[in-house]
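Q: Turn this into a structure:
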Amino acid sequence: MRAEKQIISKEYVARLNASPYFIVADYTGLKVAALTELRKRLAKANAEIHIVKNSIFRVAAKDAGLGDIGGSLTGQLAVVTGPKDISSAAKVLKTFAAEFEKPKVRFGYLSNERLEPEAIKVLADLPPLENLRSQLLGLINMPATQLVQMINTPATQLALVIKAKADKG
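A: Numbering: from 1, shown residues only. Just a heads-up that it's a prediction; the model follows:
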């Protein structure tokens, strides 16, 4: 491999290692203006898209410890990566594809586990991470709240009975 290609491959390896996920999409037929708009939307979701050369990305994926994904890399591909949440990037890709009918998600990886397009669509339908955390916290707090109510109920009822007796007598 030429020196220039080795440098680009190392850059891809660094991106793959820095991101807990990546999504590979076919961008065939996507105009420059639409691709620029997709880049802007992904930036708001704290993700970025890069056009990749299949042969160089194949080597980079192998170097990043993903094994051989060569058979999956055909056509014009772009790779979406980000430092945190795959759900928000998948949501952007899903809504953008609904508007422009492109790009088409091919596959992805999350923590070195391969994701098929259906799994990525499921991730896109998840609520934002902050909402999931608040829902989980609510579920954790619910038994404690119910326990406090159960403990307080007899004491409250006893106080009401004593007050009623005092009011009568």
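Q: Point to the residue nearest the middle of the protein.
A: Residue closest to the average C-alpha location in the chain (CA atoms, centre = their mean): Ile86, at 1.7 Å.
Q: I figured that residue hits Ala45, correct?
A: No. Ile86 lies out of contact with Ala45 (CB atoms under 8 Å); the separation is 10.0 Å. To be clear about C-beta, it is placed using only N, CA and C from the backbone, and glycine gets the same treatment.
Q: Touching, Leu38 and Ile49? I think so.
A: Yes. Leu38 lies in contact with Ile49 (CB under 8 Å); the separation is 6.2 Å.
Q: Give the rounded mean pLDDT of the longest helix anywhere in the chain.
A: Identified as the longest helix of the chain according to DSSP state H is helix 129-168. For helix 129-168, the mean pLDDT works out to 79.
Q: how far does it sit from the chain's center?
A: Distance of helix 129-168 from the chain centroid (CA atoms, centre = their mean, to the nearest Å) equals 37 Å.
Q: what's the answer for stretch 98-113, then?
A: With CA atoms, centre = their mean, you get 11 Å for stretch 98-113.
Q: And that stretch, what's buried?
A: Buried residues in stretch 98-113, defined by neighbour count with 16 or more other CB atoms under 10 Å: 102-103, 105-110.
Q: what about that stretch, average pLDDT?
A: Over the span of stretch 98-113, the pLDDT mean works out to 84.
Q: give the contact list for Asp85.
A: Asp85 sits next to 45-46, 128-129 when contact means CB atoms under 8 Å, 6 or more residues apart in numbering.
Q: whoops, Gln76 was the one
A: Taking CB under 8 Å, 6+ apart, we find Gln76 in contact with 26-28, 51.
Q: Please tell me which one of these counts the most neighbours.
A: Tyr27 (18 neighbours; other CB atoms under 10 Å).
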